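In: got a structure for you, letters missing:
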């Protein structure tokens, strides 16, 4: 246990402890988190589609369990290590959304599949499918597979409906593999700010996935699962009637990136900011700005700076002041912030920021109520 965690743990349940958390710390507002989990599930249930939340956003078994308890059809993992962590945490309905190709990883995948028969993974390459079948056959394991279809992102996926159908046939013919359906993800569409522009582009991508599904079904093959999309397109993709479930991720926390996106046609921001970095002023020797204890190692800032929501005068701006330190520029150049002032920031991008921390400090009202371990941080390969 780190000294920071040890100290903060001593604050759990104490009145006012939310304001006494040692920093830098990654903080989750429990009420906002649960509202987001339940709100997305209610939206999906009303729309007649499933959600398969992506665990790469939180890398935390406790959150995966809460998503499943709310009604998710399963959870996704981007890396094998994340899948192992969720399984160890009692979540069995896991979709591993990237190909597994290295021999050591295939062996670990089969260990997971032997213990959890409902684990699913993806493939986009005939050689990989043959290797998976041979390995599974030697272990006496049946491995569930989706055909990964390129939906225009070009990161993974078969390049055409014909190629998807050929790979599906290979999977269906393999004695140790079970064809379950198709996956397609267009990550480059999720953050298009304007709803209508995003809808037009995303519908093109989902129709590519639908064409591949139709080819597979026409060949007489199984295609029960059609999964893809994300938080940015959760209110768009299901309307086409192609997806069985949506791989939403960032909705549980939201972030500055998604605060710039019109998520629904009638509701720009249906999800509350639930994830924050708490930081404190460590130097205030100059008028007009202060130095804090959270820099580039405390935030992922590839698009936007952190957004200050508490602890400074309105109009203050946060910027990075080095690896370990941040800078708060004040609207009045003649003022200073008191030393040790607590500043709360909405994070720019939730997934990579979360990967910088070991723990989530869970707050409700004015109290620190729990600490959850981020078991999958650090790449979780």
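Out: Nice, I can see it. Bear in mind that the values here come from a model prediction, so they are computed numbers and not experimental data.
In: going forward, measure contacts and count neighbours with C-alpha atoms only.
Out: Noted.
In: what about the helices in the stretch 1-150 of the chain?
Out: For the stretch 1-150 of the chain, helices defined by DSSP state H, counting those that start in this stretch occupy the ranges 3-9, 30-47, 61-70, 80-88, 103-115, 126-139.
In: so for the longest one, mean pLDDT?
Out: Across helix 30-47, the average pLDDT comes to 98.
In: how about it: buried residues?
Out: 30, 32, 33, 34, 36, 37, 38, 39, 40, 41, 44 (16 or more other CA atoms under 10 Å).
In: and the fifth one, what does it touch?
Out: Neighbour list for residue 36: 251, 252, 253, 271, 272 [criterion: CA atoms under 8 Å, 6 or more residues apart in numbering].
In: could you rerun that using 7 Å?
Out: Contacts for residue 36 (CA atoms under 7 Å, 6 or more residues apart in numbering) come out as 251, 252, 271, 272.
In: ok, the residues you listed vs residue 2, which is closest?
Out: residue 252 (26.5 Å; CA to CA).
In: separation between that closest one and residue 185?
Out: To residue 185, residue 252 is 19 Å away according to CA to CA, to the nearest Å.
In: likewise residue 368?
Out: In terms of CA to CA, residue 368 sits 37 Å off from residue 185.
In: any stretches of this protein with poor pLDDT?
Out: 1, 379-381 (pLDDT under 70).
In: in it, which residue is closest to the centre?
Out: The C-alpha lying nearest the average C-alpha coordinate of the chain belongs to residue 57 (CA atoms, centre = their mean; 2.2 Å).
In: which stretch of helix or strand covers the nearest residue to that residue once chain neighbours are set aside?
Out: Spatial nearest neighbour of residue 57, excluding adjacent residues (CA to CA, 6 or more residues apart in numbering): residue 351 at 4.5 Å. Using DSSP states H and E, residue 351 sits within helix 350-354.
In: direction included, what does the helix or strand just after that helix pair up with?
Out: With elements assigned by DSSP H and E, the helix or strand that comes after helix 350-354 is strand 359-364. When pairing is defined by DSSP bridges, strand 359-364 lines up against strand 25-29 (parallel), strand 367-373 (antiparallel).
In: between strand 359-364 and helix 30-47, how big is the angle?
Out: 90 degrees (axes from the mean of the first three to the mean of the last three CA atoms, to 10 degrees).
In: for strand 359-364, buried residues please.
Out: So, applying 16+ other CA under 10 Å, buried residues of strand 359-364: 359, 360, 361, 362, 363.
In: ok, so of the residues you listed, who is nearest residue 233?
Out: Residue 233 lies nearest to residue 360 out of the buried residues of strand 359-364, by CA to CA, at 27.1 Å.
In: I'd guessed that closest one sits against residue 27; true?
Out: Yes. Using CA atoms under 7 Å, residue 360 is in contact with residue 27, at 5.6 Å.
In: now the buried residues of helix 30-47 in JSON lines, with distance to residue 157?
Out: Formatted as JSON lines, those follow (distance: CA to CA, whole Å):
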{"residue": "30", "distance to residue 157": "37"}
{"residue": "32", "distance to residue 157": "35"}
{"residue": "33", "distance to residue 157": "33"}
{"residue": "34", "distance to residue 157": "34"}
{"residue": "36", "distance to residue 157": "31"}
{"residue": "37", "distance to residue 157": "29"}
{"residue": "38", "distance to residue 157": "32"}
{"residue": "39", "distance to residue 157": "31"}
{"residue": "40", "distance to residue 157": "28"}
{"residue": "41", "distance to residue 157": "28"}
{"residue": "44", "distance to residue 157": "26"}
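In: residue 258: which of those is nearest?
Out: Nearest to residue 258 among those: residue 36, at 13.5 Å, using CA to CA.
In: now do the SS call for the residue in the chain sticking out farthest from the centre.
Out: With distances taken as CA atoms, centre = their mean, the residue sitting farthest from the centre of the chain turns out to be residue 334, at 41.5 Å. At residue 334 the chain is in coil, as set by DSSP: H, G, I helix; E, B strand; the rest coil.
In: thinking again about what came up before, residue contacts, the residue nearest to residue 57?
Out: Contacts of residue 351 (CA under 7 Å, 6+ apart): 56, 57, 58.
In: from residue 33, how far out is it?
Out: From residue 351 across to residue 33, the span is 15 Å (CA to CA).
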